[in-house]
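A.B. asks: No sequence on hand, only this structure:
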């Protein structure tokens, strides 16, 4: 009997701390939450750090409530911090941890737990710290990037523990960079700081350059030569990547010019028509994209992400039909009179612009980017946006398809025959009038597809086409009238030259310089880079 009682007492003594520990832990976390409502902003910042250090699963929820302004405290007597709910006229209060309703609270004495910008930064840093151990990779990466941005040395211990278990290379690399920046701000040995400097320098990006430049001001004298060497190396590396980035931007602009000019190259080369309404074909294609996207979103929302796949053929067919009508009603009566075609198509462009303003209004229309064309990715030191990359791919696909059409189809053979010698083609039985009509429709349809692409990177407005018409003519004349390869080379060349001139001369002066260069070039080669061959052409 005595032994049984002794065993029971021993069991109770051992179990008592285990039973009391959850209660004690709950009391501790409540005390830390209540500390948020006490003292000044500096004391609240310390309370936030204490909450994070507790590693309680409710901390993230508490900090979010604090950031959202939902935590209140009695302004007269202090007391527990409570979560406000209900309505503005009839607020309710509850324990922010358990959600248990608090009774007997007078709203007149309750005031919001205030935070300032410094505390908001501390909360953001704390939230980043809390997500370092999240099973979601994107959440861990965002947390690591937040720590790299804030680099608070007080988070170094937690970061080390997270870094030890991290397997993802990109997340681990970001964590290591954040750790290195924190070490530069901490009182560590010179060897540790040198290792941190090497880690930062290995990133080689602009953030690393900024960090090292800042560290240079407070670094010990024996570390300054190494830091300066790393800074110089990063600057040289960035200079090379800046050149590559400008080339990429130039190719991106060139692909846009190619799409806008390729249809003009066909109509101008085959018919000799100076089509000032070509820009409006681009604009109609962009508005067709808007209409298709709105219709699919309203009726088939599950297909909204693929609306561009329907917009491309719709824009080609519709703008091609509009071009066919313009050729049959206006342009076919003006062949051989380039000045009259210029004036007539300019009038047509004004009519089309006003028609669009009447139907859609003068304000810009939003065409949303699908998810697969949104965002960007890094390739070395190169930043590539998905929408620009897909536009380059699309423009090359259009170019190759058009090239195959001209080289491998009967219509392409007739078009080339009419381009090189119209009279001989007519004498061989080719109906040159219909070749002209369908060539103009083809050029207009391609301009419409250009409008689909431009809707992803530019404002869809009645003036959209006016921004590209002059550049399109420059591309056609520079490359060689009617020559597709010349249009490709001309578009990409002008795009790259523009992007290299803009940083030094500005956008407007850069375009003027390009125009002057083209004029000087045409003086030497009036037929452009790739002149067409043929008796009628050479005559």
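C.D. replies: Thanks, I have the structure now. This structure is a prediction, so every number in the text was calculated from the model and none was measured.
A.B. asks: Below-threshold pLDDT in this protein: ranges please.
C.D. replies: 1-27, 55, 128-130, 133, 269-270, 481-482, 507, 526, 528, 531-539 (pLDDT under 70).
A.B. asks: In this structure residue 478 contacts residue 524, no?
C.D. replies: No - if you go by Cβ atoms under 8 Å, residue 478 and residue 524 don't touch, sitting 11.9 Å apart. All C-beta spots, glycine's among them, are computed from the backbone N, C-alpha and C.
A.B. asks: of these two, who's got more company?
C.D. replies: Counted by other Cβ atoms under 10 Å, residue 478 and residue 524 do not tie: residue 478 has more neighbours, with 24 against 6.
A.B. asks: Please tell me how far that one sits from residue 446.
C.D. replies: Distance of residue 478 to residue 446, given as Cβ to Cβ, to the nearest Å: 19 Å.
A.B. asks: Residue 74 now?
C.D. replies: 72 Å.
A.B. asks: between the two, which one's more packed in?
C.D. replies: Legend: neighbour count by other Cβ under 10 Å for residue 74 and residue 446, higher for residue 446 (31 against 16).
A.B. asks: Show me what secondary structure element comes after the helix or strand containing that one.
C.D. replies: Using DSSP states H and E, residue 446 falls within helix 432-454. Remark: after helix 432-454, the chain's next helix or strand is helix 466-479, criterion DSSP H and E.
A.B. asks: Output the contacting helices and strands for that following helix.
C.D. replies: helix 224-271, helix 278-299, helix 484-505, helix 507-524 (3 or more Cβ pairs under 8 Å, 6 or more residues apart in numbering; DSSP states H and E).
A.B. asks: ok, residue 122 - contacts?
C.D. replies: Contacts for residue 122 (Cβ atoms under 8 Å, 6 or more residues apart in numbering) come out as 45, 48, 49.
A.B. asks: quick one: which of those residues has the most company?
C.D. replies: Using other Cβ under 10 Å as the neighbour criterion, residue 48 leads the contacts of residue 122 with 23 neighbours.
A.B. asks: Look at that residue and give its secondary structure.
C.D. replies: The three-state label given to residue 48 by DSSP: H, G, I helix; E, B strand; the rest coil is helix.
A.B. asks: before we move on, what about residue 93?
C.D. replies: Under the three-state scheme (three-state DSSP), residue 93 adopts strand.
A.B. asks: quick one: it from residue 58, how far?
C.D. replies: 17 Å.
A.B. asks: which of these two has more neighbours?
C.D. replies: Higher neighbour count among residue 93 and residue 58: residue 93, with 21 against 16, using other Cβ under 10 Å.
A.B. asks: residues touching residue 521, list them.
C.D. replies: Counting by Cβ under 8 Å, 6+ apart, residue 521 has contacts residue 478.
A.B. asks: no, scratch that, I was asking about residue 455
C.D. replies: 285, 286, 289, 290, 367.
A.B. asks: Then residue 261?
C.D. replies: 471, 472, 473, 475, 476, 487, 490, 491.
A.B. asks: just those residues now: which is nearest residue 83?
C.D. replies: Nearest to residue 83 among those is residue 471, at 59.2 Å by Cβ to Cβ.
A.B. asks: Report the spatially closest residue to that closest one, excluding sequence-adjacent ones.
C.D. replies: In this structure, residue 471 finds its nearest non-sequential neighbour in residue 257, 5.6 Å apart by Cβ to Cβ, 6 or more residues apart in numbering.
A.B. asks: close enough to count as contact, the one you found and residue 489?
C.D. replies: No - assessed by Cβ under 8 Å, residue 257 is found out of contact with residue 489, at 11.5 Å.
A.B. asks: Would you mind measuring from the residue nearest to residue 471 to residue 410?
C.D. replies: Residue 257 is 30 Å from residue 410, where distance means Cβ to Cβ.
A.B. asks: What helices and strands are in contact with the helix or strand containing residue 339?
C.D. replies: Element membership for residue 339 (DSSP H and E) is helix 338-360. Judged by 3+ Cβ pairs under 8 Å, 6+ apart, helix 338-360 is in contact with helix 278-299.
A.B. asks: next helix or strand past the helix it packs on?
C.D. replies: Following helix 278-299 toward the C-terminus (DSSP H and E): helix 307-329.
A.B. asks: contact partners of stretch 142-155?
C.D. replies: Here stretch 142-155 makes contact (Cβ under 8 Å, 6+ apart) with 49, 121, 124-125, 127-132, 134, 159, 171, 174-175, 177-178, 181-183, 185-186, 207.
A.B. asks: ok, back up a step: between the contacts of residue 455, which sits nearest residue 442?
C.D. replies: The shortest gap between residue 442 and any of the contacts of residue 455 belongs to residue 285, at 13.6 Å (Cβ to Cβ).
A.B. asks: mind listing what the closest one touches?
C.D. replies: By Cβ under 8 Å, 6+ apart, residue 285 lies in contact with 315, 316, 318, 319, 447, 448, 449, 450, 451, 452, 454, 455.
A.B. asks: right, and the pair among these with maximum separation?
C.D. replies: Taking Cβ to Cβ, no two of those sit farther apart than 318 and 454, at 15.7 Å.
A.B. asks: Closest one of the contacts of residue 122 to residue 295?
C.D. replies: residue 48 (50.3 Å).
A.B. asks: what separates the most centrally placed residue in the chain from residue 386, distance-wise?
C.D. replies: Taking Cα atoms, centre = their mean as the criterion, residue 375 is the residue nearest the geometric centre of the chain, at 4.1 Å. Using Cβ to Cβ, one gets 6 Å for the distance from residue 375 to residue 386.
A.B. asks: What of residue 208?
C.D. replies: Separation of residue 208 from residue 386 (Cβ to Cβ): 25 Å.
A.B. asks: and what of residue 161?
C.D. replies: Look at residue 161 and residue 386: by Cβ to Cβ, they are 36 Å apart.
A.B. asks: Looking only at neighbour counts, state which of those two leads.
C.D. replies: The neighbour comparison of residue 161 against residue 386 (other Cβ under 10 Å) goes to residue 386, with 17 against 11.
A.B. asks: what's in contact with stretch 295-310?
C.D. replies: The contact list for stretch 295-310, computed with Cβ under 8 Å, 6+ apart, reads 289, 292, 293, 370, 371, 372, 373, 452, 456.
A.B. asks: gap between that stretch and the chain center?
C.D. replies: The chain centroid and the centroid of stretch 295-310 are separated by 21 Å, computed with Cα atoms, centre = their mean, to the nearest Å.
A.B. asks: what do you get for stretch 401-409?
C.D. replies: For stretch 401-409, the distance to the chain centre is 34 Å (Cα atoms, centre = their mean).
A.B. asks: now swap in stretch 401-418 and tell me
C.D. replies: The chain centroid and the centroid of stretch 401-418 are separated by 38 Å under Cα atoms, centre = their mean.
A.B. asks: start at 540 instead
C.D. replies: In the new count, where the first residue is 540, that last one comes out as stretch 940-957.
A.B. asks: Could you point out which of the contacts of residue 994 is nearest to residue 978?
C.D. replies: Taking these together and measuring to residue 978 by Cβ to Cβ, the closest member is residue 824, at 17.8 Å.
A.B. asks: Skip the chain neighbours and tell me the closest residue to that closest one.
C.D. replies: In space, residue 824 comes closest to residue 990 once its chain neighbours are excluded; the distance is 2.5 Å by Cβ to Cβ, 6+ apart.
A.B. asks: do you know how far the one you found is from residue 829?
C.D. replies: Taking Cβ to Cβ, one finds residue 990 at 10 Å from residue 829.
A.B. asks: who's more crowded, the two?
C.D. replies: A count of neighbours by other Cβ under 10 Å puts residue 990 above the other of residue 990 and residue 829, at 32 against 19.
A.B. asks: Alright, I will stop here.
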